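In: got a structure for you, letters missing:
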């Protein structure tokens, strides 16, 4: 922790930064001037290296330890501005306890903000406390009153109208009185204190030694429901790709289920060399479409559209159709190149070559990707490569894509992501980046710090009560909440978890409830609503995956949970408590197979409690403890639990409540708490 050199300074609210050279020091270097200590600032990520994340409409709460030697009274201010502004705004900080101070400011724009902390010795308030103590002790204070008068005079010379005139009025009253008590009465006037505090010199002014940053995203960065699909498999013919027009016909059904983000796997031309066949076979048959992640052929690369889907103009029309349904597109951004990609011919220097001149295909042992080349982010022309990736992002952003799901970002440099995300958001601040990094925890965190708006998580493999509780407490209660926004995907084209393979329809239902209520952002891969769980033997991979073939789906297939998905998304939408992460609390349930938790929104007007049976094979009963004390419900007060899934209502008194969750019928319960209002003689939503 380092502070800047203190001294008496002029307040310069119109300066974008304030260095030592900006400070007008009135104390000479030989004089003894003590520094104000500012440390343990929160939120601050890695010493200010990375920004924290918030959304438009949020309030940033900042705390810090601020103190100095002796008994002087300190004043601290929170300084903030958008990166577009040059003038600083200031908000007061208040002493909480034990030298801990707190302040806040509101975020109104989808941009980046900068904030810092300043503190100074409040000379006038220090004087007021001293003179009050001496007066109460019966000491003579003639000299002290002269000191106070001089402080007010200096403040008056700095003030502008109308404050200047009001200060002069106080000075006139002070000077016109010859009686010590009358002078003291003027000196201790609260209005005078406020005026002097606004215009006094900032003695021993100290700035925290760094400016901190907050990225302010739009609300969808925090709250969203994603539906992932392969656009080529939305038609009625298994022998060809469906077109964007055919995908458009699916939009009403997706919207009706309650999703607001339509996530498309890559839509670019697919390579022909080493094209994969059915079930990732190295042998292809005529008509096999190959994997859309093997990007590029003679028809174009990352800024082109697969002709089977249509043209860029067709994509633009599809984009508008998605928005007309109140949803938006998320586009998969995979930095993979097939051997036929134009980059291979135009920029061979972007790839790693073997001694024999050939390019090595991608591998993630034991997986092999013979149809993909990886670019080398450390090649000699790395600047050209990095700028080309930025150009591709901006190309699609200019075509209206404001959400990118990035494939395998953990295999590319963190420095690249930090740079390119900022470059794109400087031009399009509303762009959201989702990191698909199922990798080591520290790398996942580093990518989030570097700028990714949302992140995939380990939720896909967290199945039991304690591991779910521990993981959620880390995400919602540790420092991760400042920069890591989780997006809970129940499944992906690459991951069919064992719980879904073996747990059947009940597992699909309760995992949906967990994802949708634990995290404000979640997603499903299409087919989830059909309870599709056919896997390759011994693997977490789909049998007959549509990564390698055209598929025709029966969206009304018997046993589907489409109505259930619709219900859960409606409950999410109608209950703002479920739009947040940090408000998550876990409550007691006396059964290891039953997870019980709740959320309450920031204004306290909406409380949701959730009970989930984590065992897809057997019904479970549990005695749960309703947190009535924290909800303001008295032990003898009657209240109602309204199950929003079944519409069943129970009258309850006290904190004990019994639940029975049958996985074959309803593996979960989502309760809204309602209380009796005697004035209206009816039950109202709690708060």
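Out: Yep, it's here. This one's a predicted model, so the numbers in the text were calculated from it and none came from an experiment.
In: Wait, a helix at residue 443?
Out: Yes. Residue 443: assigned to a helix according to DSSP: H, G, I helix; E, B strand; the rest coil.
In: Counting neighbours, what do you get for it?
Out: Other residues lying near residue 443 total 15 when counted by other CB atoms under 10 Å. Where you see a C-beta, it was placed from the backbone N, CA and C, and this is true even at glycine.
In: tell me the contacts of it?
Out: With contact set as CB atoms under 8 Å, 6 or more residues apart in numbering, residue 443 has these partners: 410, 414, 437.
In: ok, now residue 323?
Out: By CB under 8 Å, 6+ apart, the contact list for residue 323 reads residue 400.
In: Double-check that it belongs to a helix.
Out: Yes. Membership of residue 323 in a helix is supported by three-state DSSP.
In: Roughly how far does it sit from residue 317?
Out: Separation of residue 323 from residue 317 (CB to CB, to the nearest Å): 11 Å.
In: if we can go back for a sec, just the buried members of the contacts of residue 443?
Out: 410, 437 (16 or more other CB atoms under 10 Å).
In: ok, the contacts of residue 443 vs residue 64, which is closest?
Out: residue 414 (28.1 Å; CB to CB).
In: And the pLDDT at the closest one?
Out: Here the pLDDT value assigned to residue 414 is 98.
In: From residue 110, how far out is the residue minimising distance to the centre of the chain?
Out: Nearest to the mean C-alpha position of the chain, counting by CA atoms, centre = their mean, stands residue 485 at 3.9 Å. For residue 485, the distance to residue 110 equals 15 Å [CB to CB].
In: same check, this time on residue 433
Out: Looking at residue 433 against residue 110, where the rule is CB to CB, the gap reads 14 Å.
In: which of the two has more neighbours?
Out: Between residue 433 and residue 110, counting by other CB under 10 Å, residue 433 is the more crowded of the two (27 against 17).
In: Tell me who's in contact with that one.
Out: Applying CB under 8 Å, 6+ apart, we find residue 433 in contact with 403, 404, 406, 421, 451, 452, 453, 454.
In: Among those, which are located in strands?
Out: Assigned to strands by DSSP state E, the following of these qualify: 403, 404, 406, 454.
In: So the first one is in contact with residue 431, correct?
Out: Yes. Between residue 403 and residue 431 there is a contact under CB atoms under 8 Å: 7.3 Å.
In: quick one: the helices in the stretch 151-300 of the chain?
Out: For the stretch 151-300 of the chain, the helices defined by DSSP state H, counting those that start in this stretch occupy 163-176, 180-187, 190-199, 244-248, 251-257.
In: Any idea how many residues pack against residue 650?
Out: 13.
In: try residue 179
Out: For residue 179, the count of nearby residues is 8 (other CB under 10 Å).
In: So it versus residue 535, what's the distance?
Out: The spacing between residue 179 and residue 535, counted by CB to CB, is 93 Å.
In: same thing with residue 494?
Out: As judged by CB to CB, residue 494 and residue 535 stand 12 Å apart.
In: Can you pull the residues that touch both of those two?
Out: Counting by CB under 8 Å, 6+ apart, the residues touching both residue 494 and residue 535 are residue 541.
In: Single out the most deeply packed of the helices of the stretch 151-300 of the chain.
Out: The highest mean neighbour count among the helices of the stretch 151-300 of the chain, using mean count of other CB atoms under 10 Å, belongs to helix 244-248: a mean of 20.
In: and residue 79, how many residues sit next to it?
Out: 20.
In: State the helix or strand in which residue 113 lies.
Out: Using DSSP states H and E, the element containing residue 113 is strand 112-121.
In: Could you identify the most distant pair in the contacts of residue 433?
Out: Across the contacts of residue 433, the longest distance by CB to CB is 14.3 Å; it joins 403 and 451.
In: re the thing from before, for the contacts of residue 443, give me TSV that also has distance to residue 366 and secondary structure.
Out: Below are the contacts of residue 443 laid out as TSV (distance: CB to CB, whole Å; DSSP: H, G, I helix; E, B strand; the rest coil):
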residue	distance to residue 366	secondary structure
410	18	helix
414	26	helix
437	20	coil
